[in-house]
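Peer 1: structure for this input, please:
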Amino acid sequence: MNAIAQTVPEKRIGISHFPCQGQALNSEPLVLVHGWGADSQIWGQLPQLLSQWNNVITLDLPGFGCSSPIASYDLDSLLDWLQTALPKRSILMGLSLGGMLCEHFVARFTERSAGLITLSSNRQFVACENYTTAMPAADFKAFVRSWNADPTSCLNRFMGLQAQGDHHKRQLLRQLRSLDSAIDSQAADQLLRLLGELKSSPDRVNVPRLSMFGEHDALVPVVAAQGRSNVSIVSGAGHLPHLSAPAQLAEGVRGFIDGLRYRLDKPSVADSFGRAAPKYDSAAQLQHRIGEQMLSGIQGYPKAITDLGCGTGYHSIQLQQRFAEASVTGVDISPGMLAYARAKYPQSGLRWLCNDAENLSLASASQTLIFSNFALQWCERLDMLAAELFRVLADNGQLVFAVPGPRTLIELRQAWTAVDNRVHVNRFASLGQWQRALEKVGFRSVELDSTVVTEQHQSVRELLIELKNVGAHNNNAGKSSTMTGKQQLKALYNAYQQYLLPNGNLPATWEIISGSAVK
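Peer 2: Next comes the predicted model:
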């Protein structure tokens, strides 16, 4: 689709619209902002791919494509321009320099963005003494000199740098050379200078974000991904992974946008587990088996133990019996669960504490073992959680935990997609996300494993009742308040039949991520 010129006080803003081809995952449009050296044509077929799931807009920066140049290209002027050009609220996706601009925009105008995706974008493009994972300053100065001497030759060199390291280098170079980008030389000159000066910090962004990198990027080294909490690295790709691996990149973006609809409602989590307490132990057979396997593998003799997400106290009492000399504290977010646990083990001497795992009232360095079974998945901010666990553990203290992974209940999730576009199944972090979160805050000897277990049920209704009895049904703050009706349930039951096993039962997949880490 050609860019559509839109007049704003006698100035043109180049915008192209790609309406969603189906039911949009998110009500806010996804806006793509290109980087230096090309206009919005650089996105290739990605906008069409993404429009399968969401409304997509491509935006030409001022002086590029169909957008008129502006008088000044300092950061404040560009952010003001973006404030005029962008929809009232959107999901932003920026490439390289575009990603850095989007990051600054979101930091300043947080209410205007539902989420941020940066692609091949560094905290700063040019390295300095305090930040070395970027282009050496001497190389950037040489690049600026080549631009001043011969812009056309410089752009050709830039195409080569963007394709360098990519497993589809030759094909990518042909594609780049076929572009007919409209670039105002003065605008390009000013943006190049800004690229050399711009610095940003991911910590300033207070919206959900995804950072995407090419594995062999010659302009933004993949080590720039270190320290970021939600990262996707496209294997075999250079600086433009959206051109060399568009389907893979589009799927990553789709998952991120889908996740924006899902936010944990912690009061709802606490209430649902409290209601489930009397039936929990009889229904949580899988959870108990996994917990007992973890407990049997604990090494050493911990003296201060926290059973985090203790529920009914099922494993708290086992920990106390195995480590008789230790003090054991059962911690749970649900007052109802803790009341049940206290009543069940009144003479045990166990300590009970109602706390959110992301904000514990335990003293720093006070625990030698944190044991957690099927509980930490109810924490949305893995970086915050990991830092809190690290804080309360003593030196050489051990974290042992198990959580469901993203393949959990995949059949149920897929069956619901045939019914409506709402979120019906809780979302779970991947092994890689847990690994990065733990290592980022300083945990060592992080050893995680993923195992797939298939449970069988006689009916979908039986599965739904079991999930309710363990408090694990949908606790998404963004879910519809409309009750699920008979027609929807009938459609769900019919859609689930595609997974019917030869013995007449229905499978329910559980991905179990389990492991340990040491402070």
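Peer 1: every contact and neighbour count from this point should use C-alpha atoms.
Peer 2: Fine.
Peer 1: doesn't A491 lie inside a strand?
Peer 2: No. According to DSSP: H, G, I helix; E, B strand; the rest coil, A491 belongs to no strand; its state is helix.
Peer 1: that one and G504, how far apart?
Peer 2: 19 Å (CA to CA, to the nearest Å).
Peer 1: which residue comes closest to M135 once chain neighbours are left out?
Peer 2: V126 (4.8 Å; CA to CA, 6 or more residues apart in numbering).
Peer 1: I figured the one you found was touching K141, is that so?
Peer 2: No. In this structure V126 lies outside contact range of K141 using CA atoms under 8 Å: 9.5 Å.
Peer 1: how is the chain partitioned into domains?
Peer 2: Structural domains annotated on the chain: 4-260, 266-518, as defined by automatic domain parsing.
Peer 1: turn these into TSV, including mean neighbour count and mean pLDDT.
Peer 2: Formatted as TSV, these follow (neighbours: other CA atoms under 10 Å; pLDDT from 0 to 100):
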stretch	mean neighbour count	mean pLDDT
domain 4-260	19	91
domain 266-518	18	89
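Peer 1: just the helices in the stretch 1-150 of the chain please.
Peer 2: Using DSSP state H, counting those that start in this stretch, the helices assigned to the stretch 1-150 of the chain run over residues 46-50, 75-85, 97-108, 137-149.
Peer 1: any chance of the ones you listed in a markdown table, plus distance to D332?
Peer 2: Compiled in a markdown table, these are given as follows (distance: least, CA to CA, whole Å):
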| stretch | distance to D332 |
| --- | --- |
| helix 46-50 | 40 |
| helix 75-85 | 44 |
| helix 97-108 | 34 |
| helix 137-149 | 51 |
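Peer 1: in which helix or strand does Q162 reside?
Peer 2: Q162 belongs to helix 151-163 when assigned by DSSP states H and E.
Peer 1: distance from that helix to the middle of the chain?
Peer 2: Counting by CA atoms, centre = their mean, to the nearest Å, helix 151-163 is centred 33 Å from the centre of its parent chain.
Peer 1: go on, stretch 207-225?
Peer 2: Worked out by CA atoms, centre = their mean, stretch 207-225 lies 14 Å from the chain centre.
Peer 1: center of the protein, which residue is that?
Peer 2: The centroid of the chain falls nearest to N230 when counting by CA atoms, centre = their mean (4.5 Å).
Peer 1: does the residue lying farthest from the centre of the chain sit in a helix, a strand or a coil?
Peer 2: In the chain, Q347 marks the outermost C-alpha relative to the chain mean, sitting 43.6 Å out by CA atoms, centre = their mean. Three-state call for Q347 (three-state DSSP): coil.
Peer 1: now the terminal residues of stretch 260-274, how far apart.
Peer 2: The first and last residues of stretch 260-274 sit 27 Å apart, counting by CA to CA.
Peer 1: hmm, back to that, and the helices of the stretch 1-150 of the chain: which comes nearest K266?
Peer 2: Closest of the helices of the stretch 1-150 of the chain to K266 is helix 97-108, at 26.0 Å (criterion: CA to CA).
Peer 1: ok, and what's touching the closest one?
Peer 2: 33-36, 79, 82, 92-94, 112-113, 116-123, 195, 198-200, 202, 204-207 (CA atoms under 8 Å, 6 or more residues apart in numbering).
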